[in-house]
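J.: Provided below are the primary sequence and the corresponding predicted coordinates.
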Amino acid sequence: MRIRSAGLAAGTAALALTAACGGGGEGAEQPQGSMVIWADPERTDALQSFADDFGEANGVEVEVREVATDTIQSDFVTAHEGGSGPDVVVGAHDWIGNLVQNGAIDPVQLPQDKVDALNEVAVEATTYEGQLYGVPYAMENLALIRNTELAPEAPETVEDLVETGQRLQEDGEVEEILGLQVSQTGDPYHMQPFYSSAGGYLFGTDDQGNADPSDLGVGTPESVEAFEKIAEFGEEGKGAFKRSIDSDNVGNLFNQGKTPYFVTGPWSLASVQEAGVDYDISPVPGFEDGGDAVPFVGVQAFFVASGSENKVLAEEFVTNYVADPELSTALYEADPRPPALTEVSTQVSKDDPDVGKFIEAGADGKPMPAIPEMDAIWDPFGKAQAAVIGGADPEKAVDSAAETISEEIG
Amino acid sequence: MAADRSDSAGAPGGAPARPRLPGGSLAPRGSATGQLAKIAVLGLAAAIALWAVFPLYAARQWTGVAAVVAVTALIFYVYLSKRAVPAKYLVPGTLFLIAFQIIPVLYTISTSMTNYSDGHRGTKEQAIDQIEASSVERTPDSTPYTLTVAARGSSSEGELVFLLTDPDGDAYAGDTDGLQPLTGASVDPSGKVADAPGYTVVPPSEANARSEEITEFAVPTGSGTGIRSSGFSSAFEGRSRLAYDAGCDCVTDAESGRVYTADDERGAFVAEDGDRLPQGWQVDVGMANFARFVGDPETRSSFLSILTWNVAFAAGTTAMVFVLGLGVALTLHTREPLAGRTAYRLLVVLPYAMPSFAMFLLWKSMFNADFGLVNRLLGLDLDWFGHPWSARAAVLIVNIWLGFPYMFLVATGALQSIPRELVQAARIDGAGAWQALRRVTLPLLMVSMAPILVATFAFNFNNFNAVWLTTEGGPFPTDSPLAGATDLLITYTYRLAFGVSGAQYGYAAALSVFIFLIVTVMSVVSLRRSASLEEIHR
């Protein structure tokens, strides 16, 4: 009897608790027709007011959820796998290859007139295997920022730049020739303008214009030559590229006037302006006897999640709403990167010459390859660059990187 | 709560009779508080079970439902019955052991036998759906339409009709039979149909509720092509290029005629020339992941040196933090009055109190060859992370600095529990300070410290952060970008599984099983040895 009463009491307590939980759950349940957008912290606020307008116009609720920038892609894939992902996600174009192989995003069917209003490189970047997978809204690429007090003229070539830097170094005005982040494990993204100018490439292009994983540029004679050129400017050579400079200290070096040049993207502008350095922006120069320095172009885009339960809304938002000049301007104001809508970027460049200069620096840029095989490149390729900058034998370094990469690609 | 000591309805039946406790009939064999606590805890268990069962039921996970029911029944039986006394003590620990130790290990082992990785996450059905969905292509130069979603009859249930307006302003109605001109409709300037006789315009929120129907709906316009929606206000003409045929278990490309056949061993659709579709699915691969690790020539050549450094790193860290921590503890464990003893202790514990994540990054920049504090203070020009031995030294220094305060805390506590009389007696018997420490204090100390040293060793054996956040495993020999001089097994395998080709969970799980086995063997051996130290007490 005692046991039974205890059991009964326990059961009652359980019911009470479940009722309490259930109550909470019902309250939190989303009303029908509510759409969720994932974006990184910088854009969340700017997006929210547009999302609200879209929601109001269509009688639905739209929530913009903030997700940490460096985990948004993996979180999205994991959530998609678990069936609890967002309806729309905002992210970088080089995720596309991985998102497609995981079946996490759907192609976007953008009418031709809307495609024509966008920057060509941005459209090229978001096109994968012949399909447009995202609607681009902003672009970014590297340029050379220089301290005009120390170096009034934009360098024409890397040799020019090094000459000026070395002179300033000898005069004791600066500590380093160039602010280029390399770090102990290398940084292929920041090295790309120099690597390309020296004749190197990562992947060839197939007939559709996609990066072709069967044509690996690392390990070719061109890449060895490019590494030899880079080594000339490394620690054992002219000392312009150094492993001790990394993403943690490169900004401070430039902002404190310890180096006259800084290879970086629009994301560093705010801190440079805050530091009060007199600066100007020019394209990253190439080597004297080399080709053009071609930086990677990164594109930010809106993607439709394939697992979305509100796909009609998500598609409507992405195809018919985000390629909008007003939204593009607002996103630009929240985080000043060159807009992908040609009309807006022309307007913005007029108001803010810096943006125009970044756009100019990236005019001949190539989109970063979006194929999943790029994952195999970064690590070994970066390490090979770091090794060569530290004085290792270029051919040996390139060969071992090429071997590791091709083994991984299969 | 003294009353609790009496009983929680689980005292051995043969316990001697005790005086009646307050609480009357409510607590004949225990206090009212005890009884209430028991009811609350059992209630909580039942609540958790109910909360867990509904989603499992909704997902038709019958094994899960059965497991929840069985566990809950077991808990109720054990705590409501008067027998099963030992079980009352064992059940919670055992359940947690199963939930947090055994199941993860089993799950890791089962994952290690699959190809679970980027591109092979879901099921074959999901891959097929996604292959077909992502192959829908717009017909080149086709007319873009403005779309109004409408229905015959009720907007929420009626048969779907696409009301389409072309750029010239001509309106059509499209259903599964095809496209017909639409007459008598009022079209607003944006091209949207506001009102059409015989059709109900579906408002956006209701259209969204019918997302699945609308995204699958196509107005046929020719062989294989159709007008599909893109959102609720635009439509395009296109076709699905790839189609799955269950008969041949293959996907055919309508444009090039290429056939991709399902390869259930790889979990992908592969064409004859070896080209594959990007979307794959998860399949069992047996021992392939293990074979891949063991058979990799790169691994074979570097495994032994990594393992050696790994053991040296863990043993070195453990030994150094022990010596340093104990040394500081002994220094501060003096009977003489020491001014500011608390302040010293606080200062020593400081590195332990700081977030190690930030400390590793800070130390990394302090060891920077050109701008680092270490080189500047010591007037050195040493590229710390550029040479194998200096990098190893740097990693050890950082790790010891972060680790010794913990050992200091433990040693201080252990020292305080050793009666001072023992040391005094030894001194009276003529032992020197060193002898007394060596022969009396240390053996007594080791009894409580040995398991902690084993734990420290096991923790540092897999101390991912200490290496990844300082050197990332580097420096790397020019001929091998995969195995660095400071790599531990865990950082090395992390690089293999995640660093070079997206996320390869199956492979990573196989590598974890390897490391798990190595650490288990080492721990068992060292715990055996430390058990011999406890004989002092006998």
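T.: Thanks, I have the structure now.
J.: Check the burial of residue B:497 by counting its neighbours.
T.: Each residue near residue B:497 was counted by other Cβ atoms under 10 Å in any protein chain shown, and the total is 23. Backbone N, C-alpha and C define where each C-beta goes, glycine included.
J.: Surely it touches residue B:514?
T.: No. Assessed by Cβ atoms under 8 Å, residue B:497 is found out of contact with residue B:514, at 11.5 Å.
J.: Can you tell me how far the residue nearest to residue B:420 when sequence neighbours are not counted is from residue B:424?
T.: In this structure, residue B:420 finds its nearest non-sequential neighbour in residue B:335, 7.3 Å apart by Cβ to Cβ, 6 or more residues apart in numbering or on different chains. According to Cβ to Cβ, to the nearest Å, residue B:335 and residue B:424 sit 10 Å apart.
J.: higher neighbour count, those two?
T.: Taking other Cβ under 10 Å, residue B:335 and residue B:424 do not tie; residue B:424 has more neighbours (12 against 6).
J.: Now residue 397: which helix or strand?
T.: Unless you meant another one, I'm taking chain A. When secondary structure is defined by DSSP states H and E, residue A:397 falls within helix A:394-409.
J.: Oops, wrong one, chain B.
T.: Going by DSSP H and E, residue B:397 is in helix B:388-416.
J.: Next, count neighbours for residue 54.
T.: As the question left the chain open, I've gone with chain A. 22.
J.: meant chain B, my bad for not saying
T.: Neighbourhood size, residue B:54 [other Cβ under 10 Å]: 13.
J.: Can you tell me the number of residues neighbouring the residue of the stretch 251-400 of chain A found nearest chain B?
T.: Here the residue of the stretch 251-400 of chain A nearest chain B is residue A:316; by Cβ to the nearest Cβ that distance is 3.0 Å. For residue A:316, the neighbour count with other Cβ under 10 Å is 25.
J.: Hmm, residue B:211 and it touching each other?
T.: No. Using Cβ under 8 Å, residue A:316 is not in contact with residue B:211; the gap is 10.5 Å.
J.: Which secondary structure element is home to the residue most central in space within chain B?
T.: In chain B, the residue lying closest to the centroid (Cα atoms, centre = their mean) is residue B:104, at 10.1 Å. Take DSSP H and E as the rule and residue B:104 turns out to sit in helix B:103-111.
J.: Any residue of that helix touching chain A?
T.: No. Helix B:103-111 lies out of reach of chain A by Cβ under 8 Å from any Cβ of the partner chain, never closer than 13.4 Å.
J.: Name the residues of the helix or strand following that helix that are buried.
T.: Moving toward the C-terminus from helix B:103-111, the first helix or strand encountered (DSSP H and E) is helix B:124-133. Counting neighbours by 16 or more other Cβ atoms under 10 Å in any protein chain shown, one finds that the buried residues in helix B:124-133 are B:124, B:126-133.
J.: how about CSV for those, with distance to residue B:527 and pLDDT added?
T.: Supplementary listing: the buried residues of helix B:124-133 in CSV, determined by distance: Cβ to Cβ, whole Å; pLDDT from 0 to 100:
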residue, distance to residue B:527, pLDDT
B:124, 46, 91
B:126, 46, 90
B:127, 47, 91
B:128, 51, 92
B:129, 51, 89
B:130, 50, 90
B:131, 52, 91
B:132, 56, 88
B:133, 55, 87
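J.: of these, closest to chain A?
T.: After measuring the buried residues of helix B:124-133 against chain A - Cβ to the nearest Cβ - the closest member comes out as residue B:130, at 3.3 Å.
J.: Count the residues that sit near residue A:233.
T.: 24.
J.: so which residue of the stretch 151-300 of chain A comes closest to chain B?
T.: Closest to chain B within the stretch 151-300 of chain A is residue A:244: 3.9 Å, counting by Cβ to the nearest Cβ.
J.: mind checking which helix or strand residue A:371 is in?
T.: Residue A:371 belongs to no helix or strand, assigned by DSSP H and E.
J.: Any idea how far apart the tips of stretch A:109-127 sit?
T.: Terminal residues of stretch A:109-127 are spaced 11 Å apart (Cα to Cα, to the nearest Å).
J.: contacting residues around that stretch?
T.: A:93, A:96, A:132-136, A:139, A:209, A:297-299, A:301, A:319, A:323, A:340-343, A:345, A:362, A:365-368, A:370, B:136, B:138, B:144, B:228, B:230, B:234, B:236, B:238 (Cβ atoms under 8 Å, 6 or more residues apart in numbering or on different chains).
J.: Just the buried ones from those residues?
T.: Judged by 16+ other Cβ under 10 Å, buried ones among these: A:93, A:96, A:132-136, A:139, A:297-299, A:301, A:319, A:323, A:340-341, A:345, A:362, A:365-368, A:370, B:136, B:138, B:144, B:228, B:230, B:234, B:236, B:238.
J.: Regarding the closest residue to chain B within the stretch 51-200 of chain A, what is its secondary structure?
T.: Closest contact between the stretch 51-200 of chain A and chain B, by Cβ to the nearest Cβ, is at residue A:103 (3.3 Å). Here residue A:103 is recorded as coil under DSSP: H, G, I helix; E, B strand; the rest coil.
J.: Run a quick neighbour tally on it.
T.: Counted with other Cβ under 10 Å, the neighbours of residue A:103 add up to 27.
J.: got the contact list for it?
T.: Residue A:103 is in contact with A:80, A:306, B:121-122, B:126-127, B:129-130, B:134, B:279, counting by Cβ under 8 Å, 6+ apart.
J.: from the residues you listed, which two are the most distant?
T.: Spatial extent of those (Cβ to Cβ) is set by the pair B:121 and B:134 at 15.3 Å.
J.: How about residues contacting stretch B:366-380?
T.: Contact partners of stretch B:366-380, identified using Cβ under 8 Å, 6+ apart, comprise A:176, A:242-246, A:249, B:365, B:381-386, B:394, B:470.
J.: Endpoints of that stretch, how far apart?
T.: Terminal residues of stretch B:366-380 lie 13 Å apart, using Cα to Cα.
J.: can you list the domains in chain B?
T.: B:32-112, B:124-270, B:295-536 (automatic domain parsing).
J.: Now distance to residue A:67 too, for those domains, in JSON lines please.
T.: Below are the domains of chain B laid out as JSON lines (distance: least, Cβ to Cβ, whole Å):
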{"stretch": "domain B:32-112", "distance to residue A:67": "24"}
{"stretch": "domain B:124-270", "distance to residue A:67": "23"}
{"stretch": "domain B:295-536", "distance to residue A:67": "17"}
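J.: Can you say which of these is nearest to residue A:34?
T.: Residue A:34 lies closest, by Cβ to Cβ, to one member of the domains of chain B: domain B:124-270, at 9.2 Å.
J.: Quickly check: the closest one near chain A or not.
T.: Yes. Contact of domain B:124-270 with chain A (Cβ under 8 Å from any Cβ) involves B:126-127, B:129-130, B:133-138, B:144, B:149, B:203-205, B:207-212, B:214-215, B:228-234, B:236, B:238.
J.: Now intersect the residues you listed with the strands, please.
T.: Among these, the residues falling in strands (DSSP state E) are B:136-138, B:149, B:228-229, B:234, B:236, B:238.
J.: how many neighbours does residue A:165 have?
T.: Residue A:165 has 25 neighbours, counted by other Cβ under 10 Å.
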